[in-house]
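Trainee: turn this into a structure:
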Amino acid sequence: MDSPWEEDPRADYAPEADWAKLSNEFTNSGYREGIIAGKESALQEGFDAGFAHVGVPIGRDLGSMRGVISAISSFLSSKSQEHSTTLLTTAREISSSLAGVRFSDIVPPDQEAEQHAREHLDANDDLVGQSEELLQKREMEGLEDMLQRLTAGSASTSSQGRPTREDVVRLKEGILNLSGQLGLDITP
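Mentor: Residues are numbered from 1 along each chain as shown. Below is the predicted model of the structure:
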């Protein structure tokens, strides 16, 4: 009865094999779910930290600067003095420059994320350090740049390249200087 064609070879073995297979599948499934939960937890912690320590402060500062220079421009537009014309031109230049600043221009690079991406890329990748998401983002930013160049009065930013954090600091100093000349105590 040791024939491989026998109808019921080792009938007592079948339930044990099913149990082992089922146990193995549940173990693997639990392991995968644990890995996913761990990744999600780490991802959420990273997002929370980045949002609180990078995204919100930079976004708030940039938004505040845009709001202050907009208010100054509106104030100067309502005045009809010659003195105001020069200040209004300065305010509009600052406003135009701030309009061209993107969050991605001034956010500090995430060294840890970049290192992690480099570690997980294949050695054969042509675009080292650039994920598909990053490539799509850069393509969209290229389209935004093209649209901005088509907009009147924005040729200065396209010839100088993208703004930097240092440019934003200079713009903030310009706002403070302008508000000081107007006798305003404004902190952007």
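
Trainee: and for stretch 170-177, what's in contact with it?
Mentor: Contact with stretch 170-177 is made by 61, 65, 68-69, 72, 90, 94, 97-98, 101, 186-188, as judged by C-beta atoms under 8 Å, 6 or more residues apart in numbering. (Glycine included, C-beta is placed from N, CA and C.)

Trainee: for stretch 59-71, that is, sorry about that
Mentor: By C-beta under 8 Å, 6+ apart, stretch 59-71 touches 91, 94-95, 98-99, 101, 103, 106, 168, 171-172, 175, 178-179, 186, 188.

Trainee: swap in 7 Å and give it another go.
Mentor: For stretch 59-71, contacts defined as C-beta atoms under 7 Å, 6 or more residues apart in numbering pick out 91, 94, 95, 98, 101, 103, 171, 172, 175, 186, 188.

Trainee: residue 173 sits in which helix or strand?
Mentor: Applying DSSP states H and E as the criterion places residue 173 in helix 165-181.

Trainee: can I get that helix in CSV, CA atoms only?
Mentor: Coordinates of each C-alpha in helix 165-181 appear next as CSV, following Å, rounded to 0.1, in the frame of the first residue of the first chain:
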residue,chain,number,x,y,z
ARG,A,165,15.6,81.1,2.5
GLU,A,166,18.1,83.9,2.4
ASP,A,167,15.9,85.7,-0.2
VAL,A,168,12.9,85.4,2.1
VAL,A,169,14.9,86.8,5.1
ARG,A,170,15.9,89.8,2.9
LEU,A,171,12.2,90.3,1.9
LYS,A,172,11.2,90.2,5.6
GLU,A,173,13.9,92.8,6.3
GLY,A,174,12.4,94.9,3.5
ILE,A,175,8.9,94.6,5.0
LEU,A,176,10.3,95.7,8.4
ASN,A,177,12.1,98.6,6.8
LEU,A,178,9.0,99.7,4.9
SER,A,179,6.8,99.5,7.9
GLY,A,180,9.4,101.5,9.9
GLN,A,181,9.4,104.2,7.3
